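Asks: Next input, structure requested:
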Amino acid sequence: MSVCRELRSRMPELACLMLTSFDDEEALLDAAMAGAVGYVLKRITRTNLVTAVRTVASGQSMLDPGATTRLMARMRGDVPKEEQVPRLPGFTDREQEILLMVSEGLTNREIGKRLFLAEKTVKNVISRLFVKLGVERRVQAPVIASHALPPPGRHPMAAAE
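Replies: Next up is the predicted model:
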């Protein structure tokens, strides 16, 4: 986000397209606030990526439909009751989701496979979680998660699998 913000401050006419693995509303909103006019996920096909680049280059916006739909629903307050999960202040939905999976004992690789993320991306998110939680070891995170998040069987993602 900071690269996009910096480039746009130096070249306001520049059209930035974010290619990311973060499929959550906060990341989409952050990208828009940084000045990006496009936001697509890394799992996009080559053909659709080329289309996204051309769309942004022509002066139009290109946003990932799933993340955009969730953001709009959240802004309207249309979150279904079964998807409402207690929130940890200062944590994104993605961070909470990964923290819950850590508390279930999943490895970074297993979490990455479930969320379609690179193992390195999962590791980076977990590192940020540790800083936010003030813990140094992976075994400490589940203890904190068990007190702050719903039990694994009651998480909406667990029902979808």
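Asks: Measure how buried the residue nearest to Asp93 when sequence neighbours are not counted is and give me the count.
Replies: Spatial nearest neighbour of Asp93, chain neighbours left out: Asp24 (4.9 Å); criterion: Cβ to Cβ, 6 or more residues apart in numbering. The C-beta positions use only the backbone N, C-alpha and C, and glycine is treated the same way. Residues within reach of Asp24, counting by other Cβ atoms under 10 Å, total 19.
Asks: Give me the distance between Asp24 and Ala34.
Replies: 15 Å (Cβ to Cβ, to the nearest Å).
Asks: Same check on Asn108?
Replies: 27 Å.
Asks: Out of those two, name the residue with the larger neighbour count.
Replies: Using other Cβ under 10 Å, the more surrounded residue of Asn108 and Ala34 is Asn108, with 21 against 17.
Asks: In contact with that one, which residues?
Replies: The neighbours of Asn108, taking Cβ atoms under 8 Å, 6 or more residues apart in numbering as the test, are 119, 122-123, 126.
Asks: secondary structure element for the nearest residue to it once chain neighbours are set aside?
Replies: In this structure, Asn108 finds its nearest non-sequential neighbour in Val122, 4.5 Å apart by Cβ to Cβ, 6+ apart. In this structure, Val122 is located in helix 119-133 according to DSSP states H and E.
Asks: chain center to that helix: distance?
Replies: On the basis of Cα atoms, centre = their mean, to the nearest Å, helix 119-133 sits 12 Å off its chain's mean C-alpha point.
Asks: ok, which stretches of this structure are helices?
Replies: Ranges of helices within the chain are 2-10, 25-34, 46-57, 65-76, 93-103, 108-115, 119-133, 140-148, 156-160, based on DSSP state H.
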